[in-house]
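Visitor: everything below, folded, please.
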Amino acid sequence: MGDSPHYDVVIIGSGAGGGTLAHRLAPSGKRVLILERGDYLPRERDNWDSTAVFVKGKYRAPEFWLDKHGDAFPPEVNYYVGGNTKFYGAALFRLRPEDFGELRHHDGLSPAWPIRYEDLEPYYTEAEHLYLVHGRHGEDPWEGPYSAQYAYPPVEHEPRIQQLSDDLEKRGLHPFHLPIGVDLVQDEHGRATGSSVCIRCDRVDGFPCLVRGKSDAQVICVEPALRHPNVEMITNARVVRLETDPTGRSVSTVVTRSEDGLEASYSADIVVVACGAVNSAALLLASTDDRHPRGLANSSDVVGRHYMRHNNLALMAISKEPNGTRFQKTLALHDWYLGADDWDYPLGGIQMLGKSDADQIHGEAPRWAGAVTPDMPFEVMAHHAVDFWLCGEDLPLPDNRVTLEGDGTIRLVLDEKNNIAGLKRLRHKLEGMLSHLGMHEHQLLSRSIYLHKGMPIGATAHQAGTVRFGDDPASSALDVNCKAHDLDNLYVVDTSFFPSIGAVNPSLTAIANALRVGDHLVERLA
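Guide: This next block holds a predicted model:
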């Protein structure tokens, strides 16, 4: 174990939380070290190949976790610079103001946050501008107040999606332009201009971007941060444990292990964990000592508990008219986010997915046997496909949790039927409109290959909640600044801190919170 220099801040992870925090701290002049478990994602043709990305899972981490029965499954995680933002769909929504308060659902209560929407709103605005979010505030009647309009106009609908938007409006609904982070310049027809980095292709959702047109954490935050001489990054450095000083009140050493088994140690005044909700909890649980026998930040026994990942459905409808859309991820609908005329509880939101292609549909073929018209080839079906993402809130149950086996293997226990009644009703709402939206009735088909084919627990893209923050040290691991109650210099800045998850993609909230905590750390280090 070799000696390494001392830093002001060590950040473990380079995704939406860690990468954004590094960007915030970079101009401070403080010495910042980013430790990234993976390497840079290779830029290659397979980045945009459906079979490689979705069917074969080429870029997924080559590891297995255990479910509650002890059965192994491959999780939907990617270890690269930029974290899971390399593969996210860049849908960057704000939580609704109501999500920050206590919300009653069919199966229980979604707890209140220790901060309000108003506390995070200025950082939401900064996050939207930093991540080049295209959208238009004011279109969604159920969004919260905003201090500034999006810096970039919404991505224009292509003709079939514009028709879908018009048909939804005729039903008395309120579709709006989906807020999405892309480096896009559009002409008067909505097409990418010659100077635009984004080319409006059909690979935005679930694929890494070959042309660097998607606002991922590597492109937006990590690389600009590394241009500052006070910021360094070490890749292929998996952090295996955190060690504390003799008092047990401070993290004194961050220990990494390379692929060849060599260990190295680093120290810092501030240590920030941002490995993703599952791996952040696993790291804290693995860092036991005499003063922290249940792991770091875990005197309350909440670390690893209250795991959430959303109740999601990826669905494909068959349009009666061809759908020539390429960049399909431009529309969302929140009319039933908080309830409906026939239901007193939240249902969730509907948004567009990236466009299906024949390879993805062929990968679903065994699941769809007999469910589609036999004389419709996959290529024709793909040309008529219109793809939807339905997102409902799951509740932070204490027994939905991350634990470690004796050999360090992660076990993830999940009640997959947690609060799914609202999502079922949301699907019923969409199904009931198909004929009015120019779609074939009764052909709303599952795209489980997008979620995680054959193993729903493996769909971990929206993981959150395992190291929750709060005012009470007896029921939370972190304070309102995301500092561990039990330690003076340990912070957690990823989606682990969520007490609840709402029903929108969590990335923008993680980004905004990283900016908020970054301001706190700059003040503390000053």
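Visitor: next up, the contacts around the closest residue to residue 404 other than its chain neighbours.
Guide: Excluding its sequence neighbours, the residue lying closest to residue 404 (C-beta to C-beta, 6 or more residues apart in numbering) is residue 285, at 5.3 Å. In this view, the C-beta of every residue, glycine as well, is placed from N, C-alpha and C. Applying C-beta atoms under 8 Å, 6 or more residues apart in numbering, we find residue 285 in contact with 294-295, 298, 303-304, 402-404.
Visitor: check for me that residue 285 belongs to a helix.
Guide: Yes. Under DSSP: H, G, I helix; E, B strand; the rest coil, residue 285 falls within a helix.
Visitor: what's the neighbour count on residue 154?
Guide: Per other C-beta atoms under 10 Å, the neighbour tally for residue 154 reads 20.
Visitor: beta-bridge partners for the nearest residue to it once chain neighbours are set aside, please?
Guide: Excluding its sequence neighbours, the residue lying closest to residue 154 (C-beta to C-beta, 6+ apart) is residue 177, at 3.3 Å. Taking DSSP bridges as the rule, residue 177 bridges to residue 331.
Visitor: residue 177 and residue 136: what is the separation?
Guide: Distance from residue 177 to residue 136, counting by C-beta to C-beta, to the nearest Å: 6 Å.
Visitor: now do the shared contacts for those two.
Guide: By C-beta under 8 Å, 6+ apart, the residues touching both residue 177 and residue 136 are residue 154.
Visitor: between the two, which one's more packed in?
Guide: Remark: of residue 177 and residue 136, residue 177 carries more neighbours, 20 against 14, as counted by other C-beta under 10 Å.
Visitor: for the more buried one, give me its contacts.
Guide: Contacts for residue 177 (C-beta under 8 Å, 6+ apart) come out as 134-136, 139, 154-155, 157, 330-332.
Visitor: again, only this time at 10 Å
Guide: By C-beta atoms under 10 Å, 6 or more residues apart in numbering, the residues touching residue 177 are 134-136, 139-140, 150, 153-157, 165, 330-332.
Visitor: one more: residue 499?
Guide: Counting by C-beta under 10 Å, 6+ apart, residue 499 has contacts 100, 110-115, 306, 308, 396, 464-465, 468-470, 475-476, 478.
Visitor: wait, a strand at it?
Guide: No. Counting by three-state DSSP, residue 499 is located in no strand; its state is coil.
Visitor: and it, what are its phi and psi?
Guide: For residue 499, the backbone dihedrals are phi -80, psi -30 (criterion: degrees, to the nearest 10).
Visitor: one step back: PyMOL command to pick out the buried ones of the contacts of residue 177?
Guide: In PyMOL, this line selects whichever of the contacts of residue 177 come out buried by 16 or more other C-beta atoms under 10 Å:
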select buried, resi 134+135+140+150+154+155+156+157+165+330+331+332
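Visitor: in helices, which of the contacts of residue 177 fall?
Guide: residue 165 (DSSP state H).
Visitor: in strands only, show me the contacts of residue 177.
Guide: Under the assignment DSSP state E, those contribute 134, 331-332 to strands.
Visitor: among those residues, which one lies nearest to residue 322?
Guide: Taking C-beta to C-beta as the measure, residue 331 is the one of the ones in strands among the contacts of residue 177 closest to residue 322, at 17.9 Å.
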